[in-house]
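Q: Predicted structure and sequence below. I'll ask about it afterward.
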Amino acid sequence: MNKDLILDKISKSFFQGVKHQRVLDGINLKFSPGKWYTIYGVSGSGKTTLLNTIGGIETPDSGYLYCNGSSIYDLPDRKISRWRNRSVGFVFQFFHLIGELNVRQNILLPCRIGGISPDFDWIERIIKVLSIDSLMSRAPATLSGGEMQRAALARALVNKPSFILADEPTGNLDSGNSAKIIKLLEELKDESGAGIILATHERELIETGDEIYEIKDGKIKSGKKGE
Ligand SMILES: Nc1ncnc2c1ncn2[C@@H]1O[C@H](COP(=O)(O)OP(=O)(O)O)[C@@H](O)[C@H]1O
Ligand SMILES: [Mg+2]
């Protein structure tokens, strides 16, 4: 099955008082599993809005998100949630691990939510790549930032999604841990075959990935690497 994600003329505006802001202005993009896409933009340029739209969280005002031949936002909410749970894994700047659950429970959460039996061989493989075997019974609050993000990466991958959506995943890490997370994402991409869609305002990351896009004034400005 073709698992490409296709954005077709996606637009989204926000109103703050009388001020109208077109954050996404007719965006057309195509993402394929197994490739790494870096979306660069300054703060406020719409990166989070774009990622949330790609991930089935933020309904656009107009335009379509297609996957597996379905127009995702035309599906009933229940089906959108089900698609999201199986097809995308989110990774955030502030990790968003659940404080009341230990690392193992956090990682298994998407399986619980989706009613999916965990594939323990797969989980063992990603835990090994991420070197978090010894952290499984720890509470998130006892972990370093780099360890929290590695746990969050495992959680994002547990259901073998076709895409990982990473919203400023290194924005809260020192440069050593930041480089480590980028390298791990690369390894996880190769291991799982997932596509990576990474949003960042860090100029240093612009050279990372197969395709580089810049979001500015609601539009995607540039395409391939080196242009
Ligand atoms: N729910 C919302 N209501 C009103 N304005 C919003 C909302 N979400 C985002 N915005 C505005 O849209 C713009 C883009 O935000 P965002 O997608 O978070 O950008 P980025 O992630 O690139 O920093 C910002 O100006 C922000 O204030
Ligand atoms: Mg953001």
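A: Looks like it came in fine. Residues are numbered from 1 along each chain as shown. Ligands and ions are numbered 1, 2, ... in the order given.
Q: pLDDT weak spots in this structure?
A: In the predicted model of the chain, residues 1, 223-227 satisfy pLDDT under 70.
Q: Report the central residue of it.
A: Leu165 (1.0 Å; Cα atoms, centre = their mean).
Q: I'd assumed that one was in a helix, is it?
A: No - counting by DSSP: H, G, I helix; E, B strand; the rest coil, Leu165 is located in no helix; its state is strand.
Q: What residues sit buried inside stretch 132-151?
A: Across stretch 132-151, burial judged by 16 or more other Cβ atoms under 10 Å covers 132, 135-136, 139-140, 143, 145-151. Where C-beta positions appear, they are placed from N, C-alpha and C, glycine not excepted.
Q: if we can go back for a sec, quick one, what contacts the residue nearest to the centre of the chain?
A: Leu51, Ile54, Gly55, Val88, Gly89, Phe90, Val91, Ile197 (Cβ atoms under 8 Å, 6 or more residues apart in numbering).
Q: any idea how far ligand 1 is from it?
A: Distance, Leu165 to ligand 1, using Cβ to the nearest ligand atom, to the nearest Å: 12 Å.
Q: now do Pro60
A: In terms of Cβ to the nearest ligand atom, Pro60 sits 13 Å off from ligand 1.
Q: Now stretch 191-208: buried residues?
A: Ser192, Ala194, Gly195, Ile196, Ile197, Leu198, Ala199, Thr200, Leu205, Thr208.
Q: I figured Ser222 was touching Tyr213, is that so?
A: Yes - using Cβ atoms under 8 Å, Ser222 is in contact with Tyr213, at 6.5 Å.
Q: More neighbours: which of these two?
A: Tyr213 (21 against 13; other Cβ atoms under 10 Å).
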